[in-house]
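Q: pasting the structure only:
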């Protein structure tokens, strides 16, 4: 079996290459009217250019799994801005997509924690729909919307997890079906366990992006060797490898916080189960040092007996 490794958003090894430069609404409002759009264009153009630099870097290191920044376009969904971020950059979006497709990369998005479908507040659901559509439009502009995913959490429990879960199913009907087909759900570290998230995914036919660190912080009752095959089944209809989020605790006291790098001893129980299951998967490394943490982890894994590094970002378990 093979495991491909990737990382989130920023290549820390590159100089001045954040794909998430911002323009706050306050600063936007302070600008002269004729300068506002120009500033939006400038920031977005730089973020897209830096994203392309990161994609080049990934290809050079044979890294084929990458999470795009959700902040490439500033103020894209702000109700008082809502500007056309597609037409002026049609060529640039297509350039990103062409590189992604040419190098067979798996890319994804992960909107922030406010994109959820369990809230009793209709405006929060409306904003979640708008944010999911925004991310889909970026994937569509790149031409990678047919094989890329947008990952979110189930949401809050609001004091009654059963009612919140029922609201999730009801509120999710507001999401256009073509966007829903590109979404995944992730178990979280405080509220919805992997088993609870799995039940929702099975009902909605949504793939589950399993987070191992969150699972360890918020475990259910089912052992990992029984749970993972069920998680993997949620991906079967997609034709795409299951994705697992990888990180390790910052400390025992700050168990839920991500460390700079990944402690290989922390994830070894997972690796051993995967070795037995013999299922190809992708690891999304969520450590603070991003690409550096991913490259260190793959080097550490390659030192283990029975593990062979077969590419810059891929290992094989025998």
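A: Ah, there it is. Every value quoted in this text rests on a predicted model; they were computed, and no experiment measured them.
Q: list the helices and strands the helix or strand of the chain with the lowest mean pLDDT packs on?
A: Of all helical and strand segments in the chain, the minimum by mean pLDDT, DSSP states H and E falls on helix 25-30, at a mean of 86. In this structure, helix 25-30 packs against helix 33-60, with contacts taken as 3 or more Cβ pairs under 8 Å, 6 or more residues apart in numbering; DSSP states H and E. Backbone N, C-alpha and C define where each C-beta goes, glycine included.
Q: After the helix it packs on, which helix or strand is next?
A: strand 65-67 (DSSP states H and E).
Q: So what are the sheet partners of that next one and their directions?
A: strand 2-8 (parallel), strand 106-109 (parallel) (DSSP bridges).
Q: Which of these sits closest to residue 244?
A: strand 2-8 (8.6 Å; Cβ to Cβ).
Q: between the closest one and helix 33-60, how big is the angle?
A: Strand 2-8 and helix 33-60 are oriented at 150 degrees to each other (axes from the mean of the first three to the mean of the last three Cα atoms, to 10 degrees).
Q: And the contacts of strand 2-8?
A: Taking contacts as Cβ atoms under 8 Å, 6 or more residues apart in numbering, the residues outside strand 2-8 that touch it are 58, 63-67, 106, 110, 241, 246, 274, 280-286, 290-291, 293-294, 297-298, 301, 310, 313-317.
Q: Of all the residues in it, which ones are buried?
A: 3, 4, 5, 6, 7, 8 (16 or more other Cβ atoms under 10 Å).
Q: which residues does residue 317 bridge with?
A: What pairs with residue 317, by the bridge criterion (DSSP bridges), is residue 307.
Q: contacting residues for it?
A: So residue 317 contacts 1, 2, 3, 271, 274, 275, 306, 307 (Cβ under 8 Å, 6+ apart).
Q: What ranges does the stretch 51-200 of the chain have for its helices?
A: In the stretch 51-200 of the chain, the segments counted as helices under DSSP state H, counting those that start in this stretch are 90-102, 122-142, 161-171, 177-180, 194-204.
Q: Pipe those into a markdown table and attach mean neighbour count and mean pLDDT per row.
A: As requested, those are exported to a markdown table (neighbours: other Cβ atoms under 10 Å; pLDDT from 0 to 100):
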| stretch | mean neighbour count | mean pLDDT |
| --- | --- | --- |
| helix 90-102 | 16 | 98 |
| helix 122-142 | 19 | 97 |
| helix 161-171 | 16 | 98 |
| helix 177-180 | 14 | 98 |
| helix 194-204 | 19 | 98 |
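Q: can those helices go into CSV with extra columns for distance to residue 215?
A: Below are the helices of the stretch 51-200 of the chain laid out as CSV (distance: least, Cβ to Cβ, whole Å):
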stretch, distance to residue 215
helix 90-102, 29
helix 122-142, 24
helix 161-171, 17
helix 177-180, 24
helix 194-204, 5
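Q: Of all these, which one is nearest residue 13?
A: Nearest of those to residue 13, taken as Cβ to Cβ: helix 90-102 at 18.5 Å.
Q: Quick check: residue 256 is in a helix.
A: No. With DSSP: H, G, I helix; E, B strand; the rest coil as the criterion, residue 256 is coil rather than part of a helix.
Q: Distance of it relative to residue 189?
A: 5 Å (Cβ to Cβ, to the nearest Å).
Q: Could you give the separation of stretch 279-286 from the chain centroid?
A: Computed by Cα atoms, centre = their mean, to the nearest Å, the separation of stretch 279-286 from the middle of its chain amounts to 12 Å.
Q: Can you list the buried residues in that stretch?
A: Neighbour count says stretch 279-286 has 279, 281, 282, 283, 284, 285, 286 buried, by 16+ other Cβ under 10 Å.
Q: from those, which single one is nearest residue 30?
A: Among the buried residues of stretch 279-286, residue 286 lies closest to residue 30 (Cβ to Cβ), at 34.8 Å.
Q: For residue 36, see how far away the closest one is.
A: 34 Å.
Q: which residues sit in contact with the residue nearest to residue 131 when sequence neighbours are not counted?
A: Residue nearest to residue 131 in three dimensions, not counting chain neighbours: residue 115, with 4.6 Å by Cβ to Cβ, 6 or more residues apart in numbering. Shown in contact with residue 115 (Cβ under 8 Å, 6+ apart): 127, 128, 131, 132, 152.
Q: that older thread, residues touching the least confident helix or strand of the chain, excluding its own?
A: In contact with helix 25-30 (Cβ under 8 Å, 6+ apart) are residues 36, 39, 40, 75, 78, 80, 81.
Q: can I assume residue 273 is in contact with residue 226?
A: No. Assessed by Cβ atoms under 8 Å, residue 273 is found out of contact with residue 226, at 9.8 Å.
Q: So which of those two has more stuff around it?
A: Counted by other Cβ atoms under 10 Å, residue 273 and residue 226 do not tie: residue 273 has more neighbours, with 17 against 9.
Q: ok, that one - contacts?
A: Neighbouring residues of residue 273 by Cβ under 8 Å, 6+ apart: 224, 225, 228.
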